[in-house]
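Visitor: Model the structure of this input:
(chains A and B)
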Amino acid sequence: MLTASRTVHAVCVLFVISSGFAEAEIFKDVTTASNLDFVHQNGQRGQLWLAEILGPGVGVLDVDDDGLLDVWAIQGGPLDARDKLLPSDQLYRNITRDGKLLFERITDQANVDATQYGMGIATGDIDLDGDVDVFLANFGENELWLNRGDGTFESAGNGKGLIGTDWSIAGSFADVNGDGALDLYVVNYVRFTTALHKECLGISLRSDYCAPTAYEPIPDQLYVNQTDSTFRDVSMSADIQSSVGSGLGVISTDLDADGLIDLYVANDPTVNFQWRNLGNGKFENVAMNSGTAVNGDGKSEASMGIDGRDFDHDCDVDLFMTNLTSETNTLFRNSGEGWFIDATNSAKLGASSYPYTGFGTGWVDVDLDGDLDLLAANGAVSLIANADRASELSPLSQRNQLWLNVGDGQFTEILDDEFVENVETSRGVAFADLDNDGDSDILVANNDGPLRVYQNVASANNNWIGLMVKDQNTLAYHATLSIVGQRCVSRTVRTDGSYASANDPRIVFGLGQETTQPQIRVTWSDDDTRTFGPLAINQYHVLAR
Amino acid sequence: MLQMKFHRLPLVAFSMLLALHVWASDIETELQFLPVELADDIRRMQAHSEAQLESETDPNARAEILGQLAFIYHAQQMLASAEQAYTEALSNDEVYAYRYLLAIIVLQRGDTAEAIAHLDQVVLSNPDYVPAWYRLGNLKLLQGDVDGAESAFLNAQRIYPDSAAIMVGVANVALAREDWTAAIEQLEKAAVFAPSNGQIAYKLLTAYRQTGDQAKVDQWSPLANSSMQAPPLTDPLMVELAGLSRSGRFFSQAADWAFQRGDKEAAHDALLQATQLEPENLEYALKYAAFLELTGELDEAATEIKRFLAIREDAASAWFFLARLLRDSEDGEKYLQGLVAVQKAVELDSDEDLYRTLAAAMSLQAALYPHAQEYYMQLVERNPSNPYFYYWFALSRLAERHCDGREALQRAVTLRSTWGEAHVALARADAFCGDLAAAAQRLDALAKAAADRDIQSAQAYVALLRGDLENARLLAEPLLPDPDARMVVDSIDSNAKPDRVFADNSSWWIPPELVN
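Guide: Modelled structure (predicted):
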């Protein structure tokens, strides 16, 4: 039954939808029509275990090198009694035809049997054989799945030098030591098992999920690829374990423009880390000095998802992270002088994110107009926050959010959209052009719910150019691409970020109504720079050296 | 007109009862999470209000009844019920307090725009209610409405010019405009009123960094790493609301829950509420201070205890707590304050050995040996079978080079023959007082049982006093920079006999009560 206040709220929402936003719909939920039938199981049994509410992520990767991005769906399963038959992650082959998104499940054919309780995924060609391998961050032993190059995988389990057995959430592949092979940063959360579970109550006496501070945080790990497809844990010698937090999100990118790949870690709710790559195998946490450890009020926040791009075209990487209800998400604008400014409110991102707990997020040019828009997949972590709705919906479910970049460093929220209207407990989001039409579609991994695919239907009238950068036969991570003649229009090749997810490795520049064929400058991570083009628009190109 | 009002009365009453009935299911949903006794009390209040409303026709009185009911719900975090009741109250009469508290609830469910609309109305009906202006400023900033925020903060500042919280609000406006100079001006002023506030320090650091003033950045950095609570602003309506929430006990319990689930900020706020509601309550003051101590805010913890002692100077446990906070202070004045505090605690409660033990330990550390000896002697007399007090009485005597301390050490090892530390101390005391054979024999026996660094250090000390300098050096040097080993090596080098049982800066002189 609708109560009076809910009726008022609903009427207000309808009014806003009908009067305030004239934009065409951007994302359409095509989950059912695309045959994507994955449903996550979080293993909940009523005890309110912390681990049950934090997964899963989702990954995209071109398993069979057919030019279409396939989907790796992360599964949970039971959190206790794991001695019985366990559900596996699922792999879906993208068989999209004529713009109609379509998937078929190929888990068994691809030899994928990943039955650990999954959290996140990272993708990268760790053995430089030209195909994409998979790292799985688990609640339990992490795993490596090596792509055999024929559309199937073989498990390297927890071997190859990856020794993580704690609760990991996400990973990021980056060649941090410049030896040409992808190293791996693993974000760990807290020391929790069902045996260590604590009873936590909220202020209204209701049992609730504990905050992570109820448990001991686990240090993150940095593994260096020894170029023979094995890894060595260098966390101690690299000083990565000099700061310990409850990590959830990670990106690797050059934050201080010194040519070295840095790492940024979103911690919950402790201070975030900005690991500056010192170039000598060591990292220094400069977050407190650079202003990215805490928000503008000096408070650490419950950071979950993270992305870093130059949203304001001033030639440096800005940071955006999703946080807890009543904290607001946080936008750190890079001053270009070694520190960041909390620009959340001035960008008009404060009030709109205040009621929500965000997870998966990313800066994506959803309408191909040339600037980066923002998305956040939301879902609470506390029953109290949503107690008023507990009787109607899953008590953690919240709607998602999409903000369009309107220039001048500001965003406006879009409400009339199927992605936004869907009220679920969303966690990971993977951004990918699944139908190769230039615009980004999105995969949303819901906790204890369906994996959803939203097709972007907004940008048919705008032009674009899509680029995949290679180094010989493998993807050139952290190469930077820019459009020649346009100041500060550049992107870096990464698949990390969002929340526990792996994204499209290709770069797409939205061109709006511009029809001139652009030249593209590519700077590989070793500083080698080449210019390509003019290149035809509205199609993908492979730029290789 | 009167006629029409008369005819409308039954309809109003009926619709009101209907509304209360409709809420009933929501109210019951929220009541199920409260303790049974409390839930029953609220049901009784609700029934009483319904009965009053049946006969009450005056809109002002109706608003009062509904508003008070809303207060009760709100105080128990029954937010949906409270929101309904405030809304109904306001439909009868515009009361700024109900409007303000409704805004608080609306904000809690995340609707900043609606909260602003309510607060706009609050400041229209009561433009002197500073917390409304202050919240309005913060919400407008959140919305990116910098001009609106400035207007609200300046209205608040006009009424309450000395509030650090409002100064920070005005500074936030300047920060949003990237007007670093204006921000610094306000923040420096705020820092005068709230000198130990970490958030102000952090914002100052941020602003000075923008101006390139590295000296100022360095100045504010240490404080900027401490607690980030915003400077407090008294909010009478929220205090009143807290008062309705069944006293400080509710907040004390809420703090326990918040702490348990790891939400330290909520725990802090709840404990602060508890102490504000019942400022003379010893339990809440101690709990709040203990929380502050736990989160590393020692100065704030001491301030809280001092606040309490200003009201209740007869509370021995509070004096003891203050002493505990200050017991390892390197600031001589603070240490002395701690010593005075624990002496006061002993005076007020002479039966509590815990207090006397700390008093003895702090006296020993302050080199007030007669005081320490007196306290330890009392402890020995009160606990004649406890070797611990004999041991520390002995050390307090040996600290003054009195060899009669050996007797007490002997008593200690008699009472607990397996106490290795006491044996080592006794061996050193024997050696110091000339009984070198007994000392060596005791150490040999100890070394056979389990050799360790303490025994080796004592062996070096005995060897030194026996004149076996080569062996003394051989034993002492591997233990450097341990102070007792250093004392042996220095004695050999300077050809001077050590004048104490342990080195002056030896950890052996520090009673465990002083170790944090």
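
Visitor: SS state for A:Leu162?
Guide: The assignment at A:Leu162 comes out as coil when based on DSSP: H, G, I helix; E, B strand; the rest coil.

Visitor: how near is it to A:Phe139?
Guide: Going from A:Leu162 to A:Phe139 by C-beta to C-beta, to the nearest Å gives 15 Å. For the C-beta atoms, the positions are set from N, CA and C on the backbone; glycine is no exception.

Visitor: what does B:Ala361 give?
Guide: Distance from B:Ala361 to A:Phe139, by C-beta to C-beta: 47 Å.

Visitor: Same check on A:Arg521?
Guide: 43 Å.

Visitor: residue ranges for the strands of the stretch 101-250 of chain A, please.
Guide: Along the stretch 101-250 of chain A, the stretches classed as strands by DSSP state E, counting those that start in this stretch are A:103-105, A:118-124, A:133-138, A:143-147, A:153-157, A:168-174, A:183-188, A:200-201, A:207-208, A:221-225, A:231-233, A:247-253.

Visitor: Tell me which of those lies nearest to chain B.
Guide: Chain B lies closest to strand A:200-201 among those, at 3.5 Å (C-beta to the nearest C-beta).

Visitor: Just the mean pLDDT for that closest one, thanks.
Guide: Over the span of strand A:200-201, the pLDDT mean works out to 68.

Visitor: And stretch A:419-428, by the same measure?
Guide: 96.

Visitor: can I get the CA coordinates of that stretch in PDB?
Guide: The C-alpha coordinates for stretch A:419-428 follow below in PDB (Å, rounded to 0.1, in the frame of the first residue of the first chain):
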ATOM      1  CA  PHE A 419      19.400   2.200 -16.400                       C
ATOM      2  CA  VAL A 420      18.500   4.900 -14.000                       C
ATOM      3  CA  GLU A 421      15.000   3.700 -13.200                       C
ATOM      4  CA  ASN A 422      16.100   0.200 -12.400                       C
ATOM      5  CA  VAL A 423      16.100  -0.300  -8.600                       C
ATOM      6  CA  GLU A 424      18.400  -3.100  -7.600                       C
ATOM      7  CA  THR A 425      21.400  -3.800  -5.500                       C
ATOM      8  CA  SER A 426      23.900  -3.000  -8.100                       C
ATOM      9  CA  ARG A 427      27.600  -3.500  -7.700                       C
ATOM     10  CA  GLY A 428      30.100  -3.900 -10.600                       C
END
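
Visitor: For that stretch, buried residues please.
Guide: Going by neighbour count (16 or more other C-beta atoms under 10 Å in any protein chain shown), the buried part of stretch A:419-428 is A:419-420, A:422-428.

Visitor: where's the residue in the stretch 351-500 of chain B that chain A sits nearest to, which helix or strand?
Guide: Nearest residue of the stretch 351-500 of chain B to chain A: B:Pro481, at 25.5 Å (C-beta to the nearest C-beta). Using DSSP states H and E, B:Pro481 sits within no helix or strand.

Visitor: ok, it - contacts?
Guide: Not one residue lies near B:Pro481 by C-beta atoms under 8 Å, 6 or more residues apart in numbering or on different chains.

Visitor: Give me the buried stretch members for the longest strand along chain A, please.
Guide: Using DSSP state E, we find that the single longest strand of chain A is strand A:463-471. Buried residues in strand A:463-471, defined by neighbour count with 16+ other C-beta under 10 Å: A:463-471.

Visitor: With stretch A:517-528 instead?
Guide: For stretch A:517-528, a neighbour-count test (16+ other C-beta under 10 Å) marks A:518, A:520-525 as buried.

Visitor: how many neighbours does B:Thr57 have?
Guide: 14 (other C-beta atoms under 10 Å in any protein chain shown).

Visitor: now swap in A:Met119 and tell me
Guide: There are 30 residues near A:Met119, going by other C-beta under 10 Å.
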